[in-house]
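Visitor: Predicted model follows, preceded by the sequence.
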Amino acid sequence: MKISPARKSAFEILLKIEREKAYSSILLPLYEQNLDERDSSLCHQLTLGILRNKIYLDRAIETFTKKRCNKFDLEVLIVLRLGLYQLIFLDKIPAYSAINESVNLSKFAKKRSASGLVNAVLRKASKNSIKFDFIDETERVSIENSHPRWLLDRWIREFGFSDAEAIAKSNNTISRLTFRFTKRFFLLEDESRKRVISELKESDNISESELVEDCFVASKSDKKLGELADENLIYFQEEASQLTARLIQLEKGERFLDVCASPGSKATYIEANCGFDNFMIAGDLHKRRVQNLVSNSRNQGAKSIKTVRYDAEKELPFRDESFDIVLVDAPCSGTGTIRRNPEIRYSLEEKDFEALHHKQLNILKNASKLVKRGGKIIYSTCSIESEENEEVIESFVSATNGFSITAPNVKSEFLTESGFARTFPHRDNIDGFFIASLENSDG
Ligand SMILES: C[S@@+](CC[C@H](N)C(=O)[O-])C[C@H]1O[C@@H](n2cnc3c(N)ncnc32)[C@H](O)[C@@H]1O
């Protein structure tokens with residue numbers, strides 16, 4: 001029974017994402033390390049392609065079978081999605097290969113009884129093109145871009161129809177590969193640093209970001225970048241995340257706390273960017289997340305960062321007013337990162353936003369007690385939802401004395417009328433982030 005390792009792996013990953021709410025960004029590297037280059041690339045393309053087009057594929061399955069998708073066993077549904085995706089979206093795969101491998105995959109998935117159906121549906125799809133009827137324009141955008149209708153309805157209310165459609169479209173594009181230097185790089189001898197820089201400059205694959213200082217953009221991953229990342233001299237980090245971390249420039253002796261810090265992308269950025277051995281603490285809720293934080297800091301040579309585990313929704317284990325700068329990079333829905341995490345759109349539910357709002361507000365209130373007078377808090381999320389952003393800050397400012405909103409020091413194109421910073425994938429070609437800067441001006 002012939003099934004390529006790429007299709008078998010994509011099938012298993014997609015099944016885990018559905019059953020266990022697992023993340024493609026975690027599973028793909030685990031599976032890909034055991035595949036050769038060709039299979040790894042196909043597995044990547046199939047997994048992300050299906051996640052980016054799931055609602056479209058399901059509508060196609062319902063059209064060809066005249067049966068609701070929730071009536072199929074999950075394994076059979078995933079096999080059908082895999083087969084149809086290859087037939088509709090990939091022109092390099094011959095139809096017979098997509099069909100035969102899908103039939104075999106249904107047997108491998110112990111759904112032998114469905115193999116006839118899989119064969120019939122895919123044969124029909126290979127001979128007929130599909131045309132859908134939509135009840136309205138929102139349904140068209142929802143199906144063409146595979147975003148749940150309720151999520152689009154929210155974005156239409158918040159941003160208007162054309163921006164909501166543009167966001168959904170851009171969420172199905174591939175984001176730029178960006179990186180920065182690590183502390184370990186800055187600690188190299190002059191000669192070694194110059195060598196790394198000149199090697200990077202020689203590569204026509206790499207350019208400097210026009211949006212964020214000291215951030216580099218690679219048009220593709222290559223061997224040299226892989227080696228530099230393995231040596232922990234560069235660190236892959238999305239531009240909007242770098243933009244946020246860059247806002248925190250510590251003066252000598254200033255004490256810094258990163259409240260929700262794991263895996264430490266921003267804390268290690270801030271440490272690498274700080275010319276002094278300042279007092280820096282980074283904490284997180286879960287043991288495993290704190291371990292990630294420790295190993296990431298160690299790998300990057302970020303020795304000043306001390307790590308701690310706590311629940312920031314409860315009282316934090318520090319004296320009041322003991323930090324100059326506090327970063328609250330809050331747990332959030334991640335709707336600004338759907339390009340890189342396409343499954344987020346399916347796992348979210350409308351009620352999640354209210355719960356997140358309360359959690360974010362609790363953490364922000366607790367963190368604010370630790371800020372010295374004259375000090376500041378940076379509050380950020382990778383969400384584009386106002387409940388998690390402006391509305392959290394509004395609730396915070398009206399419930400807390402002494403904090404005032406100051407405009408973050410970013411390019412004017414990112415500033416909003418209310419004095420916050422916002423980035424959007426469809427507008428800026430980077431993740432959707434929100435940043436607020438709050439100064440403790442009490443007294
Ligand atoms: C957006 S992520 C932080 C990303 C991180 N700042 C970085 O740049 O790598 C939010 C983090 O908040 C943590 N978190 C969630 N609830 C928390 C809580 N109650 N107390 C502390 N940390 C929490 C999560 O485990 C997650 O690591």
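Guide: That came in fine, so what should we check first? Here the structure is a predicted model, which means the values were calculated and not measured.
Visitor: show me what contacts Ser170?
Guide: By C-beta atoms under 8 Å, 6 or more residues apart in numbering, Ser170 lies in contact with 339, 425-426, 429. From N, CA and C alone the C-beta is placed, and that goes for glycine too.
Visitor: redo that, cut-off 10 Å
Guide: Contacts for Ser170 (C-beta atoms under 10 Å, 6 or more residues apart in numbering) come out as 145, 338-339, 424-429, 432.
Visitor: want to throw these into CSV with pLDDT and distance to the ligand?
Guide: As requested, these are exported to CSV (pLDDT from 0 to 100; distance: C-beta to the nearest ligand atom, whole Å):
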residue, pLDDT, distance to the ligand
Asn145, 98, 25
Ile338, 98, 15
Arg339, 97, 16
Phe424, 98, 18
Pro425, 97, 17
His426, 98, 21
Arg427, 97, 21
Asp428, 97, 19
Asn429, 96, 20
Gly432, 98, 13
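Visitor: Could you work out the most separated pair of the residues you listed?
Guide: Comparing all pairs in the contacts of Ser170 by C-beta to C-beta, the longest separation belongs to Asn145 and Asp428, at 18.8 Å.
Visitor: What separation is there between the residue sitting nearest the centre point of the chain and the ligand?
Guide: Centroid check for the chain by C-alpha atoms, centre = their mean gives Thr337 as the closest residue, at 3.8 Å. Between Thr337 and the ligand the distance is 9 Å, computed by C-beta to the nearest ligand atom, to the nearest Å.
Visitor: now do His357
Guide: Look at His357 and the ligand: by C-beta to the nearest ligand atom, they are 14 Å apart.
Visitor: Kindly report the same for Asn100.
Guide: For Asn100, the distance to the ligand - C-beta to the nearest ligand atom - is 43 Å.
Visitor: Same question for Lys194.
Guide: Going from Lys194 to the ligand by C-beta to the nearest ligand atom gives 29 Å.
Visitor: how many neighbours does that residue have?
Guide: By other C-beta atoms under 10 Å, the residues close to Lys194 number 11.
Visitor: Next, the contact list for it, please.
Guide: Leu188.
Visitor: returning to what we had before: out of Asn145 and Asp428, which sits in the more crowded spot?
Guide: Of the pair Asn145 and Asp428, Asn145 is the one with more neighbours under other C-beta under 10 Å, namely 22 against 19.
Visitor: dump the residue contacts of that one.
Guide: 52-53, 55-56, 152, 164-172, 345.
Visitor: Repeat that for Ser146.
Guide: Ser146 sits next to 50-59, 168, 171-172, 342, 345-346 when contact means C-beta under 10 Å, 6+ apart.
Visitor: Quick check: phi and psi on it?
Guide: phi 50, psi 60 (degrees, to the nearest 10).
Visitor: What segments of the stretch 101-250 of the chain are strands?
Guide: Remark: strands assigned in the stretch 101-250 of the chain by DSSP state E, counting those that start in this stretch are 177-181, 206-208, 216-218, 234-236.
Visitor: okay, and for this protein, where does confidence drop off?
Guide: 1, 442-443 (pLDDT under 70).
Visitor: for the ligand, what are the nearby residues on it?
Guide: 241, 260-266, 284-286, 289, 311-313, 329, 331 (C-beta under 6 Å from any ligand atom).
Visitor: and the nearest residue to Glu208 once chain neighbours are set aside, what are its bridge partners?
Guide: In space, and not counting its chain neighbours, Glu208 is closest to Phe216: 6.1 Å by C-beta to C-beta, 6 or more residues apart in numbering. Note on Phe216: beta-bridge partners Phe179, Glu208, judged by DSSP bridges.
Visitor: Do I have it right that Phe216 meets Leu225?
Guide: Yes - counting by C-beta atoms under 10 Å, Phe216 touches Leu225, with 9.3 Å between them.
Visitor: Enumerate every residue touching Asp136.
Guide: By C-beta under 10 Å, 6+ apart, Asp136 lies in contact with 142, 149.
Visitor: Just list the residues touching Arg309, thanks.
Guide: When contacts are counted by C-beta under 10 Å, 6+ apart, Arg309 is found next to 262, 283-287, 289-291, 293, 317.
Visitor: hmm, which two among these are most spread apart?
Guide: The largest separation in the contacts of Arg309, counting by C-beta to C-beta, is between Gln291 and Pro317 at 18.7 Å.
Visitor: Between the two, tell me which one has more neighbours.
Guide: Gln291 (15 against 10).
Visitor: which secondary structure elements does the host helix or strand of that one contact?
Guide: According to DSSP states H and E, Gln291 maps onto helix 287-300. Applying 3 or more C-beta pairs under 10 Å, 6 or more residues apart in numbering; DSSP states H and E, we find helix 287-300 packed against helix 183-186, strand 234-236, helix 265-273, strand 280-284, strand 305-309.
Visitor: Out of the ones you listed, the one nearest Ser380 is which?
Guide: Distance to Ser380, taken as C-beta to C-beta, is lowest for helix 265-273 among the helices and strands packed on helix 287-300, at 8.3 Å.
Visitor: Return the distance of that closest one from the chain's centre.
Guide: Distance, stretch centre to chain centre, for helix 265-273: 18 Å (C-alpha atoms, centre = their mean, to the nearest Å).
Visitor: contacting residues around the helix holding Gln291?
Guide: 181-185, 230-235, 258, 260-265, 267-269, 271-272, 280, 282-284, 286, 302-310.
Visitor: Narrow those to just the buried residues.
Guide: Neighbour counting over these (16 or more other C-beta atoms under 10 Å) leaves 181-185, 232-235, 258, 260-265, 267-269, 271-272, 280, 282-284, 302, 304-305, 307, 310 as the buried ones.
Visitor: okay, the helices and strands packed on helix 287-300 in a markdown table with distance to Tyr85 next?
Guide: Below are those laid out as a markdown table (distance: least, C-beta to C-beta, whole Å):
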| stretch | distance to Tyr85 |
| --- | --- |
| helix 183-186 | 40 |
| strand 234-236 | 27 |
| helix 265-273 | 32 |
| strand 280-284 | 36 |
| strand 305-309 | 42 |
